[in-house]
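Asks: structure for this input, please:
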Amino acid sequence: MTTEKITRDMTIDAILGSFPQKSQRIAQELTNAGLQCVGCQAATWETLEVGMLGHGFDEKAIEDLVERLNALLEEETDPTTISLTERAAEKFRAILIADKKEGWALRLGDKPGGCGGFEYVLDFSEKAKEDDVLFTSHGIDIHVSQKVLPRLLGCEVDYLEGLMGSGFKITNPNVKGSCSCGNSQSY
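Replies: Below you'll find the predicted structure:
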């Protein structure tokens, strides 16, 4: 549990830089709140307050966002496992049913690609491979190759729905940098 808090007078850059282990989730929350420019780094020098006021948000919206960001900082993560949020597990179950693959697992991996270095790969897995490590989260088995495990250990897979698109979002505490579009990362 962190004692450092996000405040409205912090710059976007300071917020993301002060909490690197949560920066992907923070960036997603800022984007969900309507600060679409976070990903392109156009306004990372602005304070959270100035950015929100400049986008037409009121004092209540600023306080609500600060509260959500600080709640996100308090969320416990387990660096020794790979997990799904309950929302991601429910969505994956629904996809399995729709694709007539009930009982299959989720395969998580990465591959070289994108401008950041690596892209995540999510797929179906009928059964574990010989070199797989098995994780279970919310009743879903997750298969991960031992070869990529050091880069992915501690990941949390979430499912987000929004006006700008829906999909699975991976938060990885091992990421050192990512491209501005958020589709690839470096370790």
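
Asks: grab the nearest non-local neighbour of Lys101.
Replies: In space, and not counting its chain neighbours, Lys101 is closest to Phe124: 5.6 Å by C-beta to C-beta, 6 or more residues apart in numbering. (Each C-beta comes from the backbone N, C-alpha and C, glycine too.)

Asks: which other residues reach stretch 120-131?
Replies: By C-beta atoms under 8 Å, 6 or more residues apart in numbering, the surrounding residues in contact with stretch 120-131 are 96, 99, 101, 104-111, 132, 134, 141, 143, 145-147, 157, 168, 170.

Asks: just the buried residues from those residues, in PyMOL please.
Replies: Filtering the contacts of stretch 120-131 down to the buried ones (16 or more other C-beta atoms under 10 Å) takes a single PyMOL command:
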select buried, resi 96+104+105+106+107+108+109+110+132+141+143+145+157+168+170
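
Asks: SS state for the residue lying farthest from the centre of the chain?
Replies: Note on the chain: the largest C-alpha distance from the chain mean falls to Glu130, namely 28.2 Å (C-alpha atoms, centre = their mean). Secondary structure, DSSP: H, G, I helix; E, B strand; the rest coil: Glu130 is coil.

Asks: just the pLDDT at Ala42, thanks.
Replies: If you check Ala42, the pLDDT there is 50.

Asks: quick one on the thing from earlier: which SSE is the residue nearest to Lys101 in?
Replies: With the criterion set as DSSP states H and E, the secondary-structure element containing Phe124 is strand 117-125.

Asks: I'd like the mean pLDDT over that strand, please.
Replies: Model confidence over strand 117-125 averages 92 on the pLDDT scale.

Asks: so which bits of that strand are buried?
Replies: In strand 117-125, counting by 16+ other C-beta under 10 Å, buried: Gly117, Phe118, Tyr120, Ser125.

Asks: export the residues you listed to CSV and tack on distance to Met10?
Replies: Listed next are the buried residues of strand 117-125 as CSV, based on distance: C-beta to C-beta, whole Å:
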residue, distance to Met10
Gly117, 28
Phe118, 29
Tyr120, 29
Ser125, 41
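
Asks: nearest to Met52 among those?
Replies: Closest to Met52 out of the buried residues of strand 117-125 is Tyr120 (29.8 Å), distances taken as C-beta to C-beta.

Asks: what is that closest one paired to in the beta sheet?
Replies: Asp110 (DSSP bridges).

Asks: which residues in the chain form helices?
Replies: With DSSP state H as the definition, the chain shows helices at residue ranges 12-18, 23-32, 48-54, 59-74, 86-98, 149-152.

Asks: closest to Lys5 out of the ones you listed?
Replies: From the helices of the chain, taking C-beta to C-beta, the stretch that ends up closest is helix 59-74, at 5.3 Å.

Asks: now that closest one: buried residues?
Replies: Burial within helix 59-74, assessed by neighbour count using 16+ other C-beta under 10 Å, is assigned to Ile62, Leu65, Val66, Leu69, Leu72, Leu73.
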